[in-house]
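J.: any chance you could fold what I've pasted below:
(3 chains)
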Amino acid sequence: MGRSPCCEKAHTNKGAWTKEEDDRLISYIRAHGEGCWRSLPKAAGLLRCGKSCRLRWINYLRPDLKRGNFTEEEDELIIKLHSLLGNKWSLIAGRLPGRTDNEIKNYWNTHIRRKLLNRGIDPATHRPLNEAASSATVVTVATASNISFGKQEQETSSSNGSVVKGTIFERCPDLNLELTISPPRHQQQHHQQQPQKNLCFVCSLGLHNSKDCSCNVASPVTANTTAPPSSAAAYDFLGLKTNGVWDCTSLEMK
DNA sequence: AACGGTAGCAACCGCAATGAT
DNA sequence: AATCATTGCGGTTGCTACCGT
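T.: Numbers count the residues shown, from 1 in each chain, chains lettered A, B, ... in the order given. The predicted model follows:
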């Protein structure tokens, strides 16, 4: 038994959005807020499916979007986050205020991939191209070994391709690339006003009191973040192990 | 000026995850 | 626990603008 279609395709528009459709969607969401995407098109008088409305709003009509070129800092941040998270575009987007997952994904595919290739780096593995080619090991986007927990790891690659430590950090030593746990976008808006402590990567993952902590912040970041007891759990938390109760998606509190 | 190739980006599609019943 | 509905994500497609010949 197949899934029911998300909308009556025969009665929906497709393709580029018109100014009038945009206006209708904006005014409806301003009046009623986001959500109920399935019923929104009918209520807003749009001949679009809910998914299309959601995509249009999230990617282009949201008022908090930052349009325009990516800065060099954003470039490097995306590269770093991609090395940690892989193609988790929504998570990466969560670390770049005003940028959307779709925008970052497109930017990655059109600009950053080429940029990395020009540097001689495999955009998929973030390792040198010649080395990536010779390595028999499939290196997932975020090997546990290239996460720095506030310590400068200087180990270089081994011949079997198992370990490359700190390569990205060495390339961009000035960049503050610490990940922080954050709620989804709509929740972020409520929390953005609150001042945030400067947390190290370990604490940002909820691993407080860890021996790897470099910022010595003892209390949890948020009340509903349960901290795994060790840095090994951080690897799980990032989805670096296979059976993930702790996987990348857990970075967003639902 | 015309044409073909390429790059960039908006939008769609299918699937997985999550929530509700 | 099972099923269905809905939402969200990532991969892919297709259109348009730009550039070189």
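J.: buried residues of stretch A:34-42, list them for me.
T.: Going by neighbour count (16 or more other CB atoms under 10 Å), the buried part of stretch A:34-42 is A:W37, A:L40, A:P41. Where C-beta positions appear, they are placed from N, C-alpha and C, glycine not excepted.
J.: need the contact list for the second one.
T.: What that stands for is A:L40. Taking CB atoms under 8 Å, 6 or more residues apart in numbering, we find A:L40 in contact with A:Y28, A:I29, A:L46, A:G50, A:C53.
J.: can you rerun that using 7 Å?
T.: Counting by CB atoms under 7 Å, 6 or more residues apart in numbering, A:L40 touches A:Y28, A:G50, A:C53.
J.: and the residue lying closest to the second one once chain neighbours are set aside, helix, strand or coil?
T.: Right, A:G50. Spatial nearest neighbour of A:G50, chain neighbours left out: A:W37 (3.6 Å); criterion: CB to CB, 6 or more residues apart in numbering. Using DSSP: H, G, I helix; E, B strand; the rest coil, the three-state assignment for A:W37 comes out as coil.
J.: where exactly do the strands run in the stretch 1-150 of chain A?
T.: Under the criterion DSSP state E, counting those that start in this stretch, the stretch 1-150 of chain A contains strands at A:121-122, A:127-128.
J.: can you tell me which of those strands is most buried?
T.: Most buried of these by mean neighbour count (mean count of other CB atoms under 10 Å) is strand A:121-122; its value is a mean of 20.
J.: report all helices and strands that that strand contacts.
T.: helix A:129-134 (3 or more CB pairs under 7 Å, 6 or more residues apart in numbering; DSSP states H and E).
J.: surely the residue nearest to A:G50 touches A:R54?
T.: Yes. Shown here, A:W37 and A:R54 form a contact pair, counting by CB atoms under 7 Å, at 4.5 Å.
J.: returning to that earlier point: for the residue nearest to A:G50, give me its contacts.
T.: Contact criterion CB under 7 Å, 6+ apart gives A:G50, A:K51, A:C53, A:R54 as the residues in contact with A:W37.
J.: go again using 6 Å as the cut-off
T.: When contacts are counted by CB atoms under 6 Å, 6 or more residues apart in numbering, A:W37 touches A:G50, A:C53, A:R54.
J.: could you list the low-pLDDT ranges of chain A?
T.: Applying pLDDT under 70 to chain A flags the ranges A:1-11, A:131-254.
J.: domain parsing of it, as residue ranges.
T.: Structural domains assigned to chain A are A:19-61, A:72-128, following the TED database.
J.: dump these to CSV, plus distance to A:T12.
T.: Below are the domains of chain A laid out as CSV (distance: least, CB to CB, whole Å):
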stretch, distance to A:T12
domain A:19-61, 5
domain A:72-128, 20
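J.: need the winner for burial among those.
T.: Comparing these by mean neighbour count (mean count of other CB under 10 Å), domain A:72-128 ranks first with a mean of 18.
J.: close to DNA strand B, is that one?
T.: Yes. Contact check for domain A:72-128 against DNA strand B, using CB under 7 Å from any atom of the strand: residues in range are A:N102, A:E103, A:K105, A:N106, A:Y107, A:N109, A:T110, A:H111, A:R114.
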